[in-house]
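Asker: Pasting a predicted model and its sequence here:
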Amino acid sequence: MGADARFFPVGTPPTLGEATAIAGGELRGDPDRLVRGAGPLQEATGEEISFLDNRRYAKLLPATRAGCVVLSADLLGGLPEGCAAIVAPRVYLGFARILARLHPAPTPSAGIHPSAVVDPTAIIGDGVEIGPLAVIGARAEIGAGCLIGPAAVIGEGVKLGEGCRIGAHASLSHCIAGRLVVLHPGARVGQEGFGFAVTPQGDFETMPQLGRVLLGDRVEIGANACVDRGSQGDTVLGPGTRLDNLVQVAHNVRTGQSCVLVAQVGLAGSTTLGNSVQMGGQAGTAGHLSIGDGAQIGAQSGVMGDVEPGARIVGSPAWPARETLRAFATLRRLAQKPG
Amino acid sequence: MGADARFFPVGTPPTLGEATAIAGGELRGDPDRLVRGAGPLQEATGEEISFLDNRRYAKLLPATRAGCVVLSADLLGGLPEGCAAIVAPRVYLGFARILARLHPAPTPSAGIHPSAVVDPTAIIGDGVEIGPLAVIGARAEIGAGCLIGPAAVIGEGVKLGEGCRIGAHASLSHCIAGRLVVLHPGARVGQEGFGFAVTPQGDFETMPQLGRVLLGDRVEIGANACVDRGSQGDTVLGPGTRLDNLVQVAHNVRTGQSCVLVAQVGLAGSTTLGNSVQMGGQAGTAGHLSIGDGAQIGAQSGVMGDVEPGARIVGSPAWPARETLRAFATLRRLAQKPG
Amino acid sequence: MGADARFFPVGTPPTLGEATAIAGGELRGDPDRLVRGAGPLQEATGEEISFLDNRRYAKLLPATRAGCVVLSADLLGGLPEGCAAIVAPRVYLGFARILARLHPAPTPSAGIHPSAVVDPTAIIGDGVEIGPLAVIGARAEIGAGCLIGPAAVIGEGVKLGEGCRIGAHASLSHCIAGRLVVLHPGARVGQEGFGFAVTPQGDFETMPQLGRVLLGDRVEIGANACVDRGSQGDTVLGPGTRLDNLVQVAHNVRTGQSCVLVAQVGLAGSTTLGNSVQMGGQAGTAGHLSIGDGAQIGAQSGVMGDVEPGARIVGSPAWPARETLRAFATLRRLAQKPG
């Protein structure tokens, strides 16, 4: 059972030969056969393609009724008779590209919906689609080929590079974004950060937040996630960095490229992440920390200090993964002893 | 002090006799007396009704000035003189139903606000109310009696069963919903899940997310909560399941019926919940897990493995509640000993 | 490098004399010199002002090229030649006020955007700005000088005091707000809380939520944060209380004045906070608790019981900070010993 045509329009189906070229692989099977859909191993039918990149699921292979499976050479043994194979060096990537050929992402239909409110001083690039009830503020610049979803709000002076995709109800202000940036519905970018001074009477006065948000090329920000602008200086997300839903990024945070922040992660103010840092769901960091390139931080961890490049840390407070796991094992053993 | 008439319009007040019938109970008092409002035991006045279903609060009963109290038979002893009682087998449910009679939930006023943007190919059922500045996409189907709030966005092809209630600024795409589904303001349903492949250059490419969200009858989704659509296959919330505010449900999660996810819970991709699973606030699960029917997972727990039906687990990492509590007691004792 | 003029329009620059008066300090330098911007010590230029209130950064002072630095008297020693100084009793507050003079917060431009939908029964005060595609419900009252952002939704009967600022896509219902209240984009106030009764068949029926949200003067609510209305009685945030992004406040919570809830904090139903309670990011409380004045609750803590005024607690479950830290130290030591 492939994608529901109600939501995913079907284009011209590729042949297995085309699919193989797209995946950068090698075909075992009839290159002229058509691929009409895709599905998991257990569900794909004879006109559909599937993939196998995890040895744990290899046992499902012999029973698949998929017409073709993308896999690595060492798993070919389990292929049932009559099932074609695309042997690819990067199975998951190859499969992603075949899916993108089968069901291309929606492309903008150039034009501004009559219900949208576009300031006359905004600069709208070629081929831009602006959806119903979207708002584009004064002096905003929308790069060629951007898709602004329904009811999105682009603030004054905001600049989007080419090919950005802004979801329904997302809002941006005080932001300069690169190319191909994606905001999912309800994402919040550029609002005032959380900063204030205390008066002698104990009241709070807002510290003016005078920085911006700079989003590198291909940054993606999940649904209802929040990225505050800098207080002084900027909040920066490096190229390719991806934030899942409901992530919080405070003012003056800076990430390198290709960081991955899973859902509900929180980064406190002025913390810096290197390149390719990964944080599991619901993890958090204190402010003003430095997290090195390639560090991996487990789900629900609480990071209280700087983290070395490449370190794997876990727990709240977060310690090196090996240490945390040993500590928990010790604790469990003690709890099972008589007091 | 009852509900503020500014926000909760008052209908015709029921008599105690009617209230008793609604609650499915037995009245001790004058059935013709009117009930004009409701309030907590300490605040309700002589024309108002209250309830008592928690023995812990029984000491408040003798001093109440409420005109009537809904309670169970064993608590009747503390009832002050002149106070009527409705003895009901399910006190809380009975009281809920009396409140719903006193202050009925707003019903749709059939009609489409002139500022709404409704695609001409959308199918709008009888008696539907579409609020100001709402957007209904192409080929969407809105069941009879639905209430679409102001500035809500219903995406292309989305199907809502009868009597759904969609809050302000909520968005749905790629979703088929049953009857009486409720989305609170800012809820996000059907957006792209968090999935991508890595190129040889270390860049990320989005794995097309080609599934849907299926919402069973009476599902409720809290304010600013997020439910991503499936990658392949669907994300499914079973009938009656309720999500509190800011909950995250990743792609391909499936829940049974009547699950309860308290605020800020996060479920990682492809995890399956049975029926009547309950998760406390800020708890999370890893992906690809199976959580059995009736499992109870404590607030802030981190679930790293499958959970048996009926299990009570607590902690991060989550262990059986008894074990976690013993571990913490042990730890505290050790910390108090001299090193 | 000061604030980007693309986003932060520059007014008439103050003189150092004026800046000193605003900061309530004492000037060492030429009172007629102009201040054209502000920046961190390492980046500020000769026409810009900076500040130093943290002894940890005192080593940066001798090398600054800022034209003037706001600081406390004891740090004057490190000031480089030619650099003016404003010696202020409250450095951070003084600097905040100078910034607010340099780049004043946007003030409302009185008027209702033609695309906004304002119910004819709403009462709109003097000087109110209502942005594009905002919705103002029946009988709502918008105080003088309020700024209602683009696509914000103000529900029926909602009352805002003077000078409130409501961000893009924020929504309010069932709410009475004081003066100078700020909602950041996507904040949700007044929606139905999470309450329901169970039927004999195991289904859930919503407990009608018949209370309100009362917001004290100067309350601020972060982007995509949620404050549910009371079930019976009200949810109350005391004057000056500030919620960061993605915070969850359940029904019937009450806070005193000047509480600070950092991002992703969650308060369960009916919990009461005194004055000046501070909670770190991702911390949570169980319901029906009482947290005393001035209590400080660490990031990611899980509060399971009442908290004394002034207590400092940390951990999940949360214990007195000293105890939690000792427990973790003990655990780590044990984990390092041979089993």
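Answerer: That came through fine.
Asker: where in chain A is pLDDT low?
Answerer: A:1, A:337-339 (pLDDT under 70).
Asker: if we go to 80?
Answerer: Where chain A drops to pLDDT under 80, the residues are A:1-2, A:336-339.
Asker: I'd like to know if the longest helix along it reaches chain B anywhere along the stretch.
Answerer: Counting residues, the longest helix in chain A under DSSP state H turns out to be helix A:321-336. Yes. Helix A:321-336 reaches chain B (Cβ under 8 Å from any Cβ of the partner chain) through A:Phe328, A:Leu331, A:Arg332, A:Leu334, A:Ala335, A:Gln336. For glycine as for every other residue, the C-beta is placed from the backbone atoms N, C-alpha and C.
Asker: What are the buried residues along that helix?
Answerer: Going by neighbour count (16 or more other Cβ atoms under 10 Å in any protein chain shown), the buried part of helix A:321-336 is A:Ala321, A:Glu323, A:Thr324, A:Leu325, A:Arg326, A:Ala327, A:Phe328, A:Thr330, A:Leu331, A:Arg332, A:Leu334, A:Ala335.
Asker: what does it rub up against?
Answerer: Helix A:321-336 has contacts (Cβ atoms under 8 Å, 6 or more residues apart in numbering or on different chains) with A:298, A:312-315, A:318-319, B:317, B:319, B:323, B:326-327, B:329-331, B:334, C:331-332, C:334-336, C:339.
Asker: ok so, going back, ok, of the residues of helix A:321-336 next to chain B, which one's closest to chain C?
Answerer: The nearest member of the residues of helix A:321-336 next to chain B to chain C, counting by Cβ to the nearest Cβ, is A:Leu331 at 6.1 Å.
Asker: can you tell me how far the closest one sits from B:Arg218?
Answerer: Distance, A:Leu331 to B:Arg218, by Cβ to Cβ, to the nearest Å: 42 Å.
Asker: Nearest residue to A:Val181 in space, ignoring adjacent ones along the chain?
Answerer: Closest residue in space to A:Val181, ignoring its immediate chain neighbours: A:Cys164 at 4.5 Å, by Cβ to Cβ, 6 or more residues apart in numbering or on different chains.
Asker: Pretty sure that neighbour sits against A:Ile176.
Answerer: No. Between A:Cys164 and A:Ile176 there is no contact under Cβ atoms under 8 Å: 11.5 Å.
Asker: Of these two, which one has the most company?
Answerer: When A:Cys164 and A:Ile176 are compared for neighbours, A:Cys164 comes out ahead with 27 against 20, by other Cβ atoms under 10 Å in any protein chain shown.
Asker: what sits against the more buried one?
Answerer: Shown in contact with A:Cys164 (Cβ under 8 Å, 6+ apart): A:Ile142, A:Gly143, A:Cys146, A:Leu147, A:Ala177, A:Arg179, A:Leu180, A:Val181, A:Val182, A:Leu183.
Asker: between the residues you listed, which is nearest A:Ala66?
Answerer: Checking the contacts of A:Cys164 against A:Ala66 with Cβ to Cβ, the nearest one is A:Val182 at 30.1 Å.
Asker: Does A:Thr20 touch A:Pro31 like I think?
Answerer: Yes. The criterion here is Cβ under 8 Å, and A:Thr20 meets it with A:Pro31 at 7.1 Å.
Asker: Outline the domain layout of chain A.
Answerer: Domains of chain A are assigned by automatic domain parsing as A:16-102, A:170-323.
Asker: And the longest one, how far out from the chain middle?
Answerer: Domain A:170-323 sits 14 Å away from the centroid of its parent chain (Cα atoms, centre = their mean, to the nearest Å).
Asker: Quick one: end-to-end length of that domain, please.
Answerer: For domain A:170-323, the first-to-last residue distance is 41 Å (Cα to Cα, to the nearest Å).
Asker: which bits of the stretch 201-339 of chain A sit near chain C?
Answerer: Proximity of the stretch 201-339 of chain A to chain C (Cβ under 8 Å from any Cβ) is limited to residues A:202-208, A:210-212, A:224, A:226, A:228, A:232-233, A:246, A:248, A:250, A:264, A:266, A:268, A:282, A:284, A:286, A:302, A:316-317, A:319, A:323, A:326-327, A:329-331, A:333-334.
Asker: Which of these fall within strands?
Answerer: Using DSSP state E, the subset of these located in strands is A:Phe204, A:Glu205, A:Thr206, A:Cys226, A:Gln248, A:Gly266, A:Gly284, A:Gly302, A:Trp319.
Asker: okay, these in TSV with neighbour count and distance to chain B next?
Answerer: Output for those, formatted as TSV (neighbours: other Cβ atoms under 10 Å in any protein chain shown; distance: Cβ to the nearest Cβ, whole Å):
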residue	neighbour count	distance to chain B
A:Phe204	19	24
A:Glu205	15	28
A:Thr206	19	23
A:Cys226	31	10
A:Gln248	31	11
A:Gly266	28	11
A:Gly284	29	11
A:Gly302	26	10
A:Trp319	21	14
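Asker: Out of the residues you listed, which two sit at the greatest distance?
Answerer: Using Cβ to Cβ, those span at most 38.5 Å, a distance reached by A:Glu205 and A:Trp319.
Asker: and A:Glu81, how many neighbours?
Answerer: Using other Cβ under 10 Å, A:Glu81 is surrounded by 5 other residues.
Asker: So it: helix, strand or coil?
Answerer: Look at A:Glu81: counting by DSSP: H, G, I helix; E, B strand; the rest coil, its state is coil.
Asker: what's near enough to touch it?
Answerer: With Cβ under 8 Å, 6+ apart, A:Glu81 has no contacts at all.
Asker: Distance of it relative to chain B?
Answerer: Distance of A:Glu81 to chain B, computed by Cβ to the nearest Cβ, to the nearest Å: 24 Å.
Asker: Next: A:Val314.
Answerer: Note on A:Val314: its distance to chain B, by Cβ to the nearest Cβ, is 9 Å.
Asker: Look at that residue and say how many residues are nearby.
Answerer: A:Val314 has 23 neighbours, counted by other Cβ under 10 Å.
Asker: next one: phi and psi at the residue nearest to it when sequence neighbours are not counted?
Answerer: Spatial nearest neighbour of A:Val314, chain neighbours left out: A:Gly298 (3.6 Å); criterion: Cβ to Cβ, 6+ apart. Main-chain torsions, A:Gly298, degrees, to the nearest 10: phi -70, psi 160.
Asker: do A:Leu99 as well
Answerer: phi -60, psi -40.
Asker: do A:Met304 as well
Answerer: Phi and psi for A:Met304, reported as degrees, to the nearest 10, are phi -110, psi -10.
Asker: Could you report the neighbour count for it?
Answerer: Neighbour count of A:Met304, defined by other Cβ under 10 Å: 17.
Asker: Just list the residues touching the nearest residue to it once chain neighbours are set aside, thanks.
Answerer: Closest residue to A:Met304 apart from its sequence neighbours, by Cβ to Cβ, 6+ apart: A:Pro317 at 4.9 Å. Listed by Cβ under 8 Å, 6+ apart, the contact set of A:Pro317 reads A:Gly302, A:Val303, A:Met304, C:Phe328.
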